[in-house]
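*Asks:* sequence first, predicted coordinates after that:
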Amino acid sequence: MSNILEVKNLTMHYETLDGDVDAVKDITFNVKAGESFGIVGESGCGKTSVAMCLLQLQAENGKISNGSILFDGQELVGMSENDLRKVRWDGISIVFQGAMNAWNPVVKVGEQIREAMREHNPKSTKSQNTEKINELFNMVGLDSSASERFPHELSGGMKQRAIIALALSCDPKLIIADEPTTALDVVIQDQILTEIKNVQELLGLSLIYISHDIAVIAEMTDKIAVMYAGSIVEIGPTEEVFKSPKHSYTRSLLDSTPSIMGEKKKLRSLEGEPPSLINKIDGCSFSPRCPSPSNECKNQSIEMGLIKVGIDHYADKCCSGCISE
Amino acid sequence: MYKYIFKRIYQLVIVFFLFLVTSYILFDSIPGNAFQNMLLNPLLPPGAYEQVLALYGLDKPLSERIVLYITNFFKGDFGYSYKYYPKTPIELIAERLPRTLMLFAMVNIVSFYTGFLVGKILAWRRGSKSETWITITSVFSYTVFYPWFALMMLWFFGYKMDWLPIGKFLYPEKWYDAPFDSDVIFTLMIKFTVIVSIIQFLIYMFTRNIESLNSKRNLRFFGFILNIVGSFIFWNTGDALTKKIYAMDIAYHMILPVITVTIVAFAGTALLTRTTMMEVLKDDYILTARAKGLSQRRIRDRHAARNALLPVVTSFIFTIVTIIDGSVLTETIFSWPGMGQLILDSVLNEDIPVAMATFSFIGVFALVAHFIADISYAYLDPRIRIQSQG
Ligand SMILES: Nc1ncnc2c1ncn2[C@@H]1O[C@H](COP(=O)(O)OP(=O)(O)OP(=O)(O)O)[C@@H](O)[C@H]1O
Ligand SMILES: [Mg+2]
């Protein structure tokens, strides 16, 4: 299978009055056509920043200093706004974190979807568009009458489903779902996850699923990247990573999540705070919180970098040695 | 919704009643009365002054007069002007109102549109050089001492450059043998403006649901051209043709006051639009709109400006309310004989029937405008529509 997305050495920082915030550090990953890829990590580790870079929608003070993003063979970094408009939604669409506020309050939901369709398929008629919206709404479990309503007339779950319909409306090749189920109750959360999964498999889309919940990621994805303080510290096939995590951060994440299938075990939480990204971190960024750091880890001159630890499975070279089996 | 409207109307009636009573008491408490200067006349026979007061009912106690006035008011009898005796206040208002409306309706529409347009572009181009300069200019014209500014405009364009007339609303010499009154022309001009605006509005409404963006824009442009051609034909045929030169004369006199007031009024709208737009631009749905790959213009107009419109419309309606009392200053400076001058005149002369009538007119106008504001707000913001259904 060919890669639909190739991200290479992507580095981005936010310029702030207190200094630069290094939100994305030298990130490399590929997503194949039809594959579902997960990004997991604590709050503030830069997941949303990566997603925004992929659409070139980073905040005004967000500056990409290095790296390339190849989508379907096109380089997105430095592409003109006009060309980007064609890629957005038609090629890559996104379900934003906090999708509740993603609807314009004064325009009907259906009209907001039609608007995107008009932009990317100017030839289709109103009835064709409406028909398609109804189809999508059925697919995500919404009544088609919901398209004639204003956003505030829908419940949170309905809004979220409608957002997924919106993301699908222009037949994108890649969908980014940035914590699409926060702020929803567990039952709805589960339904929506199933919905996303079904649609993705049905339509053969590529999916980037972003979450801080590693259990959800396990359910949803084929491949997973674990992010810590702006860098990817472990990446590999989901099953593989879950079976034998190589990085002690991944291990800590797994240990702090209850497993439904496996035997009961004591949950261990990760001590300490994630580092502030505004201060330059020397050496291994995880060593201050690492449960069993070796002396080498504390050495500030050590460079971070991924090394191969299995088939298609990479982990940061420092911490991959910290796990005592 | 009906229940809501009914409740609002009920409140309005009570407020209006209180307004009438308070106004009457206030006018009555001005020292002296309209006929006091008769006393200065040494030839006045004794008892004549008292007789005049009795004639107009001014000898009765205040409470009795208020009751009488309000009963007559609701019967539609507003009395007679003390100063222009045989004329009733209604006749005076009917003569003056079109002049004021013509002038200020023009100003408000122009300043609202330009203000909104400039404001949204300012917010959109945040940080550019042109934005800085236009914002500074707007702040200046928003805070400038208005009478001084108006006099400067008069001095520059009317006197120094001699491009535009200083004061009055027509050249009397042109009207010596005019076959009609200036009011006829004013009314015609107002009707014309209203009809043209309505047609433009209808064109907008009818093209709202067209799916293709291109054909929508073309149709709207076509409609606009049609409207202009129609107006041209209207003024060059039949009855309107003979009135054209007089209408032109009035329009010529309107230029300077319209520009002056527009410059001042537009800045407020522009600055308000700029601020609200900047708030709106931070909202998440703007990001969604960008992610959808919409054009900059569409994001600006359809998503950002549409949401920034709400507070701007409210403030616009409140400005409309102040048209008539606000006209006092402008009309005095530009010697424009409209409602503003009538108000000032009647208050200075203690011409209570006229003053009361003009004030009640303002009152009704203000209350109706607020009422319309409530309803149009419900139209613009679907979230209010729901709450007001109860
Ligand atoms: N516009 C901005 N300016 C400055 N700093 C920013 C900006 N946006 C994000 N950051 C910082 O960048 C870092 C990464 O933020 P990001 O939103 O990508 O995290 P996240 O992994 O998505 O977190 P969460 O799980 O809470 O959504 C954070 O430390 C955040 O404070
Ligand atoms: Mg995030």
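*Replies:* The structure has been received and is ready for your questions. Ligands and ions are numbered 1, 2, ... in the order given.

*Asks:* and the next element down the chain from the longest helix that chain A contains?
*Replies:* The longest helix of chain A (DSSP state H) is helix A:186-203. Sequence order places strand A:206-211 as the next helix or strand after helix A:186-203, per DSSP states H and E.

*Asks:* pull the longest helix from chain B.
*Replies:* helix B:238-281.

*Asks:* these two touch, right, B:I199 and B:N227?
*Replies:* Yes. Assessed by Cβ atoms under 8 Å, B:I199 is found in contact with B:N227 at 5.6 Å. The way it works is simple: take the backbone N, C-alpha and C, and place the C-beta from them, glycine included.

*Asks:* elements contacting the longest helix of chain B?
*Replies:* Contacts defined by 3 or more Cβ pairs under 8 Å, 6 or more residues apart in numbering or on different chains; DSSP states H and E place helix B:238-281 against helix B:89-124, helix B:129-143, helix B:146-153, helix B:182-206, helix B:213-235, helix B:306-321, helix B:323-333.

*Asks:* ok, residues contacting stretch B:349-363?
*Replies:* When contacts are defined by Cβ atoms under 8 Å, 6 or more residues apart in numbering or on different chains, stretch B:349-363 is touched by residues B:16, B:19-20, B:23-24, B:27-28, B:30, B:32-34, B:69, B:73, B:78-83, B:88-90, B:92-93, B:324-325, B:339, B:342-343, B:345-347.

*Asks:* which of the residues you listed are buried?
*Replies:* B:19-20, B:23-24, B:27, B:33-34, B:69, B:73, B:78-83, B:88-90, B:92-93, B:324-325, B:339, B:342-343, B:345-347 (16 or more other Cβ atoms under 10 Å in any protein chain shown).

*Asks:* which ones among those residues map onto helices?
*Replies:* Going by DSSP H, the helices hold B:19-20, B:23-24, B:27, B:69, B:73, B:89-90, B:92-93, B:324-325, B:339, B:342-343, B:345-347 from the buried ones among the contacts of stretch B:349-363.

*Asks:* does the residue in the stretch 1-150 of chain B positioned nearest to ligand 2 belong to a helix, a strand or coil?
*Replies:* Residue of the stretch 1-150 of chain B nearest ligand 2, by Cβ to the ion: B:R126 (25.3 Å). Here B:R126 is recorded as coil under DSSP: H, G, I helix; E, B strand; the rest coil.

*Asks:* contacting residues around it?
*Replies:* B:M278.

*Asks:* ok, it to B:L281 distance?
*Replies:* 8 Å (Cβ to Cβ, to the nearest Å).

*Asks:* quick check: which element contains A:Y314?
*Replies:* Going by DSSP H and E, A:Y314 is in strand A:313-316.

*Asks:* show me what that strand is packed against.
*Replies:* strand A:231-237, strand A:306-310.

*Asks:* what residue ranges in the stretch 201-350 of chain B score low on pLDDT?
*Replies:* B:211 (pLDDT under 70).

*Asks:* where are the low-confidence patches of chain A?
*Replies:* Using pLDDT under 70, chain A drops low at A:1, A:183, A:258-269, A:293-302, A:320-325.

*Asks:* what residues does the stretch 1-150 of chain A have near ligand 2?
*Replies:* A:48, A:97 (Cβ under 5 Å from the ion).

*Asks:* near chain B, which residues of the stretch 1-150 of chain A are found?
*Replies:* A:55, A:57, A:81, A:84-90, A:93-94, A:96, A:98, A:101-107, A:114-116, A:118-120, A:122, A:125-126, A:129, A:150 (Cβ under 8 Å from any Cβ of the partner chain).

*Asks:* picking that back up, partner strands of the strand holding A:Y314 and their direction?
*Replies:* strand A:231-237 (antiparallel), strand A:306-310 (antiparallel) (DSSP bridges).

*Asks:* so who does B:R65 touch?
*Replies:* Applying Cβ under 8 Å, 6+ apart, the residues contacting B:R65 are B:24, B:28, B:57-58.

*Asks:* any chance of those in JSON lines, with pLDDT and distance to A:P288 too?
*Replies:* Below are these laid out as JSON lines (pLDDT from 0 to 100; distance: Cβ to Cβ, whole Å):
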{"residue": "B:Y24", "pLDDT": "89", "distance to A:P288": "80"}
{"residue": "B:D28", "pLDDT": "84", "distance to A:P288": "82"}
{"residue": "B:G57", "pLDDT": "79", "distance to A:P288": "92"}
{"residue": "B:L58", "pLDDT": "80", "distance to A:P288": "91"}
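
*Asks:* closest one of those residues to ligand 1?
*Replies:* Of all the contacts of B:R65, B:Y24 has the smallest distance to ligand 1: 60.3 Å, by Cβ to the nearest ligand atom.

*Asks:* what helix or strand is the closest residue to the closest one other than its chain neighbours on?
*Replies:* Excluding the flanking residues, the one nearest B:Y24 by Cβ to Cβ, 6 or more residues apart in numbering or on different chains is B:I66, at 5.3 Å. For B:I66, the host element (DSSP H and E) is helix B:62-75.

*Asks:* quick check: mean pLDDT across that helix?
*Replies:* The average of the pLDDT scores along helix B:62-75 is 87.

*Asks:* and for stretch B:41-50?
*Replies:* In the prediction, stretch B:41-50 has an average pLDDT of 80.
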